[in-house]
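>>> could you look at this predicted model? Sequence included:
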Amino acid sequence: MTPLRTAAVLGAGAVGSALLDELPHAGVKVLAAWARSSGLAPPPLLDVDVVLIAVPDSAVAQVCAQVEVGPRQLVAHLAGALGLAPLLAARRKGARIGSIHPLRAFVRGERQDFHGAAAGISGADATARAQLAVLARRLGMMPVQTSDRSRALYHAAAVLAAGSQVALFSEAVRAFRRATGISEPAARSALLPLALGALEKLRSRPATDALTGPAVRGDHQTIAAHRKALPKSILALYDALNSVMLRLSKPEARSPKPEAALRPEARSRPSKDAGRQRSRHRP
């Protein structure tokens, strides 16, 4: 497998800008960069190993159709929700196609890198997948193989872990302000250490062990008081999340202690003495 040594970056948004900054540090020389805002078509890119399309999801197919590529080149997009179908125009020109999606939120105008994030990797062939996995590692990411068949579920999980966390926190802030009468920035400052502390526990333990609150304690009286106090607009969300917390708090949801896990053969294999004793009493 030939490593990727040269690249073109199409797109000047937050992810495209991060690529332009980080690819040279990963040993990949950027030979071309292009932004849709230029109003020009992408330049010919037949002399690069990989073309990275870092534009909004809705524009990936259109940009790919404009790209002049050929055999032995790799064309990859960075869109989390898309499979490989938007890249078929490049495949018809002889290029290999794939996707490398950083599991990290990028903000325009802020300098960010890829270190410590996972990266969803897919490719139309084994070589494309292997090359993109190596590129992910060189950028400081952990590659995770995905497929078109599970792409929507993969991306939904990513949204639940990021955007949904922000939405949930905003509802907590709204309830806290209603209870205390303080300003939004003050409520955010009050609740943020609690939220970050809860998420930080997940670095070293599963959700079943990191969970706290009345559901874990089996405190149904407190849960009932919560339901009575919450506005109706938040109650359905609270009930849905509380049902998950109750499920996680059940003993069967928790992982068994290593010392309690016996080998199957140790539990099921009868001893020779037991076998002899049974044979004496067998009718």
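Nice, I can see it. Numbering: from 1, shown residues only.

>>> switch to C-alpha atoms for all contacts and neighbour counts from now on
Noted.

>>> assign a three-state SS to the nearest residue to residue 14 once chain neighbours are set aside, would you?
Nearest non-adjacent residue to residue 14, counting by CA to CA, 6 or more residues apart in numbering: residue 108, 4.5 Å away. Following DSSP: H, G, I helix; E, B strand; the rest coil, the label given to residue 108 is coil.

>>> doesn't residue 18 make contact with residue 54?
No: in this structure residue 54 lies outside contact range of residue 18 using CA atoms under 8 Å: 10.1 Å.

>>> the residue nearest to residue 14 reaches residue 13, doesn't it?
Yes: counting by CA under 8 Å, residue 108 does reach residue 13; the two are 6.4 Å apart.

>>> which intervals of the stretch 151-283 of the chain have sub-threshold pLDDT?
In the predicted model of the stretch 151-283 of the chain, residues 253-283 satisfy pLDDT under 70.

>>> helices of that one, start to end?
Using DSSP state H, counting those that start in this stretch, the helices found in the stretch 151-283 of the chain span residues 151-161, 163-180, 184-200, 207-210, 214-217, 220-229, 232-249, 264-268, 272-281.

>>> next one: the stretch 1-150 of the chain
In the stretch 1-150 of the chain, the helices defined using DSSP H, counting those that start in this stretch lie at 14-22, 60-66, 88-92, 126-138.

>>> could you dump the ones you listed to TSV with distance to residue 171?
Converted to TSV, those look like this (distance: least, CA to CA, whole Å):
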stretch	distance to residue 171
helix 14-22	27
helix 60-66	34
helix 88-92	42
helix 126-138	35
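
>>> just send those back as TSV, with mean pLDDT and distance to residue 144 too.
Formatted as TSV, the helices of the stretch 1-150 of the chain follow (pLDDT from 0 to 100; distance: least, CA to CA, whole Å):
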stretch	mean pLDDT	distance to residue 144
helix 14-22	95	19
helix 60-66	96	22
helix 88-92	97	23
helix 126-138	97	8
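
>>> dump those helices to JSON lines, plus distance to residue 238 and mean neighbour count.
Formatted as JSON lines, the helices of the stretch 1-150 of the chain follow (distance: least, CA to CA, whole Å; neighbours: other CA atoms under 10 Å):
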{"stretch": "helix 14-22", "distance to residue 238": "34", "mean neighbour count": "21"}
{"stretch": "helix 60-66", "distance to residue 238": "38", "mean neighbour count": "18"}
{"stretch": "helix 88-92", "distance to residue 238": "44", "mean neighbour count": "19"}
{"stretch": "helix 126-138", "distance to residue 238": "38", "mean neighbour count": "20"}
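
>>> so for residue 168, which of those helices sits nearest?
Among those, helix 14-22 comes nearest to residue 168, with 24.6 Å by CA to CA.

>>> can you list the domain ranges for this structure.
Domain assignment for the chain by automatic domain parsing gives 6-147, 163-255.

>>> now do the same contact list for residue 205.
Counting by CA atoms under 8 Å, 6 or more residues apart in numbering, residue 205 makes contact with nothing.

>>> if you set the cut-off to 10 Å instead, what comes out?
By CA atoms under 10 Å, 6 or more residues apart in numbering, the contact set of residue 205 is residue 211.

>>> could you measure from it over to residue 249?
For residue 205, the distance to residue 249 (CA to CA, to the nearest Å) stands at 14 Å.

>>> who's more crowded, residue 108 and residue 13?
For residue 108 versus residue 13, neighbours defined as other CA atoms under 10 Å are more numerous around residue 13 (18 against 13).

>>> my guess is that one meets residue 111, correct?
No: using CA atoms under 10 Å, residue 13 makes no contact with residue 111, being 11.3 Å away.
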